[in-house]
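J.: From the sequence below, what's the structure:
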Amino acid sequence: MTIRNYWRDNRGDLIMVAFFLIISAGLSQLTLFRAPPNQTGVKVKSTVLSVDNRGIEPHGFVTVGFQDVKLKVIEGAYAGREFVAKNNLRGRTDVDKMFVPGDIALAAIQISPDGTVIQVNAQDHYRIGRELWLFAIFGLLLLAFCGWIGVKAILSFVFACLVIWKLVMPLCMLGYNPIIVSLLAVLLLAAAIIFLVAGLTAKGVTAFCGTVLGLLSSCVLGMIFTDSFRIDGAVMPYSQALFFAGFEYLRLTDIYIGAIFLASSGALMDLAMDVAAGMKEVAVQRPDIPRRELMFSGFRIGRLVVGTMTTTLLLAYSGGYLTMLMTFAAEGVGPVDFLNYPYVASEVVRTLVGSIGLLLVAPFTALVGSIILSAKSSRRR
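T.: A predicted model of the protein is given here:
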């Protein structure tokens, strides 16, 4: 196939990919919120040369004290220099870490105004390299299995990360309404992901319309039931720490509502695309199918997918709070206290609102698809 023929056959896809590459590049350079700069130090990648564990004191299943860690900096202005860093242990297994020779550590070097090194702390294990390798494995497997669609899926993945990091979080921290910000961001992501994968086709438009209707329903239901259940957004991890960091103006409950449909949006897009793709195949195989029958075909396809995806949401949410559930079980907490606990009630709202949104996406997509994908509409396209 010549380049000209390839361009003619795939022009829409190539233009779409180029468009989102440009948008992604622009987002990567966007800075809406600038955190106060750290004027007193730098973070550097270092190699652990040796450790001194004489300051460690075991207390049951936790450890307190300190560990002296000899480091050699391997990047930045201090590359090649060696320091003895402190690794303070506070008896918290969720944040404490122990180093051994050969580990790669992230070290925090505290510097005085005249450039003198005041103190060095072994902050944590350096994980960025492994994270990049894991992403590379994911990308290669996606490309091997999906080919060109995999390229578009990776681009949509990167675009979604940039939208959340460069738009959603900064705008919320600047005080904009988190519900509106999250909703607009999810609509933008839905358009990007669906049209990148499906193209500007009748199938893609059907999936997008069904997703939009489902998201709007989830948004309204989230607002209603968050208020009805008296859920405070402070149940989200690290939420109250934002107040102490100087962001006391944040509306945590609105952020919680936005997080409900932001978290469930991926499942909504999946279901809408499944129904739209199934209806498109039915319409192609039976171009004379009546619009009403095509709609009921979409209903039947949606029923099968919804049956498993509602449980998928439950497992996704409950998996993040497994230790909390185990703690309640260990302490013999009864079902009344368990279901009234704010953290549990907040998960009930998130799970059920997300599931109701899923239930509504299927008929919405089937209804829209019966109009867009019918034989008459298909001929116009």
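J.: can you give me the strands in the protein?
T.: In the chain, the strands defined using DSSP state E lie at 41-52, 56-59, 62-73, 82-90, 104-111, 117-125.
J.: Is Ala105 in contact with His125, as I believe?
T.: Yes: the criterion here is Cβ atoms under 8 Å, and Ala105 meets it with His125 at 6.2 Å. In short, each C-beta sits where N, CA and C put it, glycine included.
J.: And those two? Which one has more around it.
T.: Comparing Ala105 with His125 by other Cβ atoms under 10 Å, the one with more neighbours is Ala105, at 22 against 14.
J.: If I look at that one, what pLDDT would I see?
T.: The model reports Ala105 with a pLDDT of 92.
J.: Also the one 3 residues further on?
T.: According to the predicted model, the pLDDT of Ala108 comes to 89.
J.: Same check on Gly115?
T.: pLDDT for Gly115: 77.
J.: pLDDT of stretch 176-185, averaged?
T.: For stretch 176-185, the mean pLDDT works out to 92.
J.: chain center to it: distance?
T.: Computed by Cα atoms, centre = their mean, to the nearest Å, the separation of stretch 176-185 from the middle of its chain amounts to 15 Å.
J.: hmm, who's touching stretch 54-66?
T.: Contact with stretch 54-66 is made by Gln67, Asp68, Lys86, Asn87, Asn88, Leu89, Arg90, Gly91, Arg92, Thr93, Asp96, Met98, as judged by Cβ atoms under 8 Å, 6 or more residues apart in numbering.
J.: on contacts alone, who are the packing partners of the longest helix along the chain?
T.: What stands out as the longest helix in the chain, according to DSSP state H, is helix 252-285. Counting contacts by 3 or more Cβ pairs under 8 Å, 6 or more residues apart in numbering; DSSP states H and E, helix 252-285 packs against helix 178-198, helix 202-228, helix 239-244, helix 291-320, helix 342-372.
J.: picking that back up, what sits in contact with each of Ala105 and His125?
T.: Counting by Cβ under 8 Å, 6+ apart, the shared contacts of Ala105 and His125 are Phe99.
J.: Let me see the domain layout of the protein.
T.: With domains defined by automatic domain parsing, the chain comprises 41-126, 175-380.
J.: quick one: which of those domains is nearest Trp133?
T.: Closest approach to Trp133 among the domains of the chain (Cβ to Cβ): domain 41-126, 12.7 Å.
J.: gap between the two ends of that closest one?
T.: Domain 41-126 stretches 17 Å from its first residue to its last (Cα to Cα, to the nearest Å).
J.: now do stretch 284-294
T.: Taking Cα to Cα, stretch 284-294 runs 11 Å from one end to the other.
J.: Report the distance from the longest helix of the chain to the chain centre.
T.: Chain-centre distance of helix 252-285: 15 Å, with Cα atoms, centre = their mean.
J.: what's the answer for stretch 96-114, then?
T.: Distance, stretch centre to chain centre, for stretch 96-114: 29 Å (Cα atoms, centre = their mean).
J.: Enumerate the positions of that stretch that are buried.
T.: Of the residues in stretch 96-114, Phe99, Asp103, Ile104, Ala105, Leu106, Ala107, Ala108, Ile109, Ile111 count as buried by neighbour count, 16 or more other Cβ atoms under 10 Å.
J.: next one: stretch 250-268
T.: Using 16+ other Cβ under 10 Å as the test for burial, stretch 250-268 gives 250-265, 267-268.
J.: can you check stretch 16-34 too?
T.: For stretch 16-34, using 16+ other Cβ under 10 Å, the buried residues are Met16, Val17, Phe20, Ser24, Leu27.
J.: how close does Gly357 sit to Ile231?
T.: According to Cβ to Cβ, to the nearest Å, Gly357 stands 17 Å off from Ile231.
J.: cool, and Phe328?
T.: From Phe328 over to Ile231 (counting by Cβ to Cβ), the distance is 18 Å.
J.: circling back to that earlier point, with respect to Gly332, which of the buried residues of stretch 96-114 is nearest?
T.: Phe99 (38.9 Å).
J.: residue contacts, that closest one?
T.: Going by Cβ under 8 Å, 6+ apart, Phe99 touches Val48, Val51, Gln67, Val69, Asn87, Ala105, Ala122, His125.
J.: One more: Glu75?
T.: Residues in contact with Glu75 (Cβ under 8 Å, 6+ apart) are Val44, Lys45.
J.: any idea of the pLDDT on it?
T.: Note on Glu75: pLDDT of 87.
J.: lowest-pLDDT helix or strand in this protein?
T.: Every helix and strand of the chain was ranked by mean pLDDT, DSSP states H and E. The lowest is helix 375-380, at a mean of 47.
J.: Do I have it right that Met279 meets Phe299?
T.: No: between Met279 and Phe299 there is no contact under Cβ under 8 Å: 9.9 Å.
J.: Compare those two (neighbour count), which wins?
T.: More crowded of Met279 and Phe299, by other Cβ under 10 Å: Met279, with 30 against 16.
J.: Give me the distance between that one and Ala153.
T.: Counting by Cβ to Cβ, the separation of Met279 from Ala153 is 22 Å.
J.: How about Ile371?
T.: 28 Å.
J.: So for these two, which residue has more residues nearby?
T.: Neighbours were counted for Ile371 and for Ala153 using other Cβ under 10 Å; Ala153 has more, 18 against 15.
J.: Test my guess that Phe247 contacts Met173.
T.: Yes: using Cβ under 8 Å, Phe247 is in contact with Met173, at 6.3 Å.
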